[in-house]
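Engineer: Let's see this in three dimensions:
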Amino acid sequence: MVRTITGLFLFLVTVLPSCTDGDRWKMAAEIEQSISQTSFPADTFIITGFGAVADDTSFLNTEAIEAAILKCSNSGGGVVYVPEGRWHTGPISLLSNVNLHISENATLLFSTEYKLYLPPVLTRWEGMDCYNIHPLIYAREASNIALTGKGTIDGQASNENWWWMNGNPDYGWREGMNNQKISGRAQLLGFEQDQVPVEERRFGLEGALRPQLINFMNCNTVLIEDLTLRNSPFWVIHPVLTDNFILRGVTIESAGPNSDGCDPESCNGVLIENCYFDTGDDCIAIKSGRNNDGRRWSVPSKNIIVRNCRMADGHGGVVIGSEISGGFSNLFVEDCEMDSPELLRVIRIKTSDCRGGVIENVNVRNVKVGKCEEAVLKINLMYEPRENCRRDFPPYVRNVTLENVTSQQSRYGVYIIGLDSTVNVTDIIVRNCTFNGVDEGASITGAENVRFRNVSVNGKKIRN
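Structural biologist: The predicted structure is shown next:
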C-alpha cells in the first residue's frame, strides 16, 4: 500500500540508528585521509617531440601520444604534456606513473571513425563484464595515473556519432539502423544471466554498445583534475575495481543518452569535489556490478565522499545503483548545490530483487536544491520491474540520513518504494530540512523507522 500525504509527511517512528552524527562525519575525515595521492617525477615529455601535429583534421596523433606515454612510463614516470591547440586522436591507453596533462587552450578531439576503437578490450558495460569497443581513454592494471590540466577532452559524440546507437529517435536513430537494444545489450544480458565465461563475451561495432569516454579497470591511485570533459559516447568517467580515486575541479558536459557523469564501480576510497555536472543521465552513480556478475565478484563500492559540487541537468544528482549487486556502504555528500528543471532527483537509490545486496550508511548534509522534478530523496527497490532475471535476491537499504537540505520545488520531498512482501528499507532520518514548492508531500511504502525531525514543508513545520 502506498500512502501519500499532500503537504505533510508520514511518520513511521521507532528506533534511531545507533551511530551518532559525530561518528559518521569523523569517518568521512578518516576516509579522506586514507586515500592515496598521486605523485610524479618532474620529467616532461611533450607530444610534439614524438611527432604530434596540432590543428590538422587529416592527421591523427594517436601514435605520437601513445609513444610519449610509453616513453614516460618506461623512464620511471612523469608528465606527458599536450600544448595549446586542437589535437585529433584515436583511443589512448594510459600506463603507470604517467600524468597526461592537457594544457589550457588545448583540446583532445577524439575521432568518430568507429573502426579505430577496435579490437575490443576488457571492461564492464552496465555492470556486466565483457570485451567491448575500446574506451576513448583507457587504463588497465595501472597505478599512479592522472589526467590533469585546464584543457578539454571532447569525445565528439552527437546524434550523428555514437548517440544514435542507443536506439532512441530523439538521439538520431532511424528505422533500419542498428542499435544496442536489438544487438549487443540483449545478448550481454543473456550472457550475464547464464554466466557465460567473460572471454566469450566479445562485442565489436555490431553490438552497438557505446564506449565510455574514460574507463579505468583494476587501477589504483588515480587523479582527474581541472579538465573539461564533453560529449561522451556513453558514461563519461567509469573507474572499475579502482581504489584511491580523486575527481577534482572537473567540468562535465554531456547531454547524450546514458551520459552519466562519474560512475565509480566496485571502488574503495573515492573523493569527488568542486566539480560541475550537466549530463544526460545521472550526475554521479555508484555501482558494484549487475546481478550474477556483481555477486560473482562480490566487491562492494565503499567510502565515497562528494562535496562542493554543482549539479544541473541529470536523472539524479548523487545516485546509488542500479547495478549495485555487490553492495555499498559509507557515502558522504555535503555542501553541494543542485538546480535544474531537468534534474529529476537529488539523492536517489535504485535497486531491485534482481540485484540484491546491502546499501547502508548514506549521509547527506548542507545541500541546496532549487528545482528538481520528482523528489529530493527517492529510494526505489522495484527499479526496472520488467527486467528478465532471477528475482530471489532481495535488496536492503538502511541508515540513510538527510540533514540541512533545502529545496524550492519538487513533486515529493521523500519518495520511497519498498518491496511488496517484506520491509527492507529501514532507519531513514530527515532532519532540519526545508522543502518548499512541494506538490504531493511524501509517498512511503515498504519502509520502517522513517523519522522526520524539525522538517518544514511549504512553510508548515511538521511536528514529531
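Engineer: Need the pLDDT of residue 441.
Structural biologist: Reported pLDDT at residue 441 in the predicted model: 86.
Engineer: Residue 392 versus the nearest residue to residue 239 once chain neighbours are set aside, what's the distance?
Structural biologist: Nearest residue to residue 239 in three dimensions, chain neighbours excluded: residue 216, at 4.4 Å (CB to CB, 6 or more residues apart in numbering). (Each C-beta comes from the backbone N, C-alpha and C, glycine too.) Applying CB to CB, to the nearest Å, the value for residue 216 to residue 392 is 33 Å.
Engineer: Same question for residue 268.
Structural biologist: 28 Å.
Engineer: The two: which has the busier surroundings?
Structural biologist: The neighbour comparison of residue 268 against residue 392 (other CB atoms under 10 Å) goes to residue 268, with 21 against 8.
Engineer: For burial, what's the neighbour tally of the closest residue to that one other than its chain neighbours?
Structural biologist: Nearest residue to residue 268 in three dimensions, chain neighbours excluded: residue 243, at 4.6 Å (CB to CB, 6+ apart). Using other CB under 10 Å, residue 243 has 21 neighbouring residues.
Engineer: Residue 243 contacts residue 220, doesn't it?
Structural biologist: Yes. At 5.3 Å, residue 243 counts as touching residue 220 under the criterion of CB atoms under 8 Å.
Engineer: what's the overlap in contacts for these two?
Structural biologist: residue 36 (CB atoms under 8 Å, 6 or more residues apart in numbering).
Engineer: give the contact list for the most centrally placed residue in the chain.
Structural biologist: When CA atoms, centre = their mean is applied to the chain, the residue found nearest the centroid is residue 263 (2.3 Å). Residue 263 makes contact with 235, 237-239, 282, 284-287 under the criterion CB under 8 Å, 6+ apart.
Engineer: What of residue 353?
Structural biologist: Counting by CB under 8 Å, 6+ apart, residue 353 has contacts 381, 391-395, 419.
Engineer: Would you check how far apart it and residue 422 are?
Structural biologist: 10 Å.
Engineer: list the residues that contact both of these two?
Structural biologist: residue 394.
Engineer: residues near the residue nearest to residue 101 when sequence neighbours are not counted, how many?
Structural biologist: In this structure, residue 101 finds its nearest non-sequential neighbour in residue 149, 4.6 Å apart by CB to CB, 6+ apart. Burial of residue 149 is recorded as 21 neighbouring residues (other CB under 10 Å).
Engineer: Residue 149 and residue 106 touch, don't they?
Structural biologist: Yes. Residue 149 is within contact range of residue 106, at 7.1 Å (criterion: CB under 8 Å).
Engineer: Find residues that contact each of the two.
Structural biologist: residue 82.
Engineer: export the contacts of residue 353 to JSON lines and tack on distance to residue 431?
Structural biologist: Converted to JSON lines, these look like this (distance: CB to CB, whole Å):
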{"residue": "381", "distance to residue 431": "23"}
{"residue": "391", "distance to residue 431": "34"}
{"residue": "392", "distance to residue 431": "35"}
{"residue": "393", "distance to residue 431": "32"}
{"residue": "394", "distance to residue 431": "28"}
{"residue": "395", "distance to residue 431": "25"}
{"residue": "419", "distance to residue 431": "26"}
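Engineer: And these, which of them are buried?
Structural biologist: 381, 393-395, 419 (16 or more other CB atoms under 10 Å).
Engineer: What residues does residue 366 make contact with?
Structural biologist: Neighbours of residue 366 in contact, by CB under 8 Å, 6+ apart: 334-336, 403-405.
Engineer: Identify the farthest-apart pair in the residues you listed.
Structural biologist: Taking CB to CB as the measure, these span a maximum distance of 13.3 Å, between 336 and 403.
Engineer: any chance you could map the strands in the stretch 301-450 of the chain?
Structural biologist: 301-307, 310-311, 314-321, 328-338, 343-350, 358-371, 375-380, 396-409, 412-417, 425-435, 442-445, 447-457 (DSSP state E, counting those that start in this stretch).
Engineer: Same check on the stretch 151-300 of the chain?
Structural biologist: So, for the stretch 151-300 of the chain - with DSSP E, counting those that start in this stretch - the strands run 152-154, 214-217, 220-225, 228-230, 237-240, 243-248, 251-254, 268-273, 276-279, 284-286.
Engineer: So which of the ones you listed is the most surrounded?
Structural biologist: The highest mean neighbour count among these, using mean count of other CB atoms under 10 Å, belongs to strand 284-286: a mean of 28.
Engineer: which strands and helices sit next to that one?
Structural biologist: strand 301-307, strand 314-321 (3 or more CB pairs under 8 Å, 6 or more residues apart in numbering; DSSP states H and E).
Engineer: What strands line up against the first one, and which way round?
Structural biologist: Using DSSP bridges, strand 301-307 pairs in its sheet with strand 268-273 (parallel), strand 328-338 (parallel).
Engineer: Let me have those in JSON lines, extended by distance to residue 368.
Structural biologist: As requested, those are exported to JSON lines (distance: least, CB to CB, whole Å):
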{"stretch": "strand 268-273", "distance to residue 368": "16"}
{"stretch": "strand 328-338", "distance to residue 368": "5"}
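Engineer: In TSV: these, plus distance to residue 118 and mean pLDDT.
Structural biologist: Conversion of those to TSV gives the following (distance: least, CB to CB, whole Å; pLDDT from 0 to 100):
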stretch	distance to residue 118	mean pLDDT
strand 268-273	31	98
strand 328-338	34	98
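Engineer: Ok, which of those comes nearest residue 386?
Structural biologist: strand 328-338 (24.1 Å).
Engineer: any idea how far residue 124 lies from residue 427?
Structural biologist: Taking CB to CB, one finds residue 124 at 31 Å from residue 427.
Engineer: With neighbour numbers in mind, choose between these two.
Structural biologist: Neighbour count, other CB under 10 Å: between residue 124 and residue 427, residue 124 has more, with 27 against 22.
Engineer: Just the pLDDT at the nearest residue in space to the more buried one that is not next to it in sequence, thanks.
Structural biologist: Spatially, and ignoring its direct neighbours in sequence, residue 124 is nearest to residue 240 (5.2 Å; CB to CB, 6+ apart). Listed pLDDT for residue 240 reads 98.
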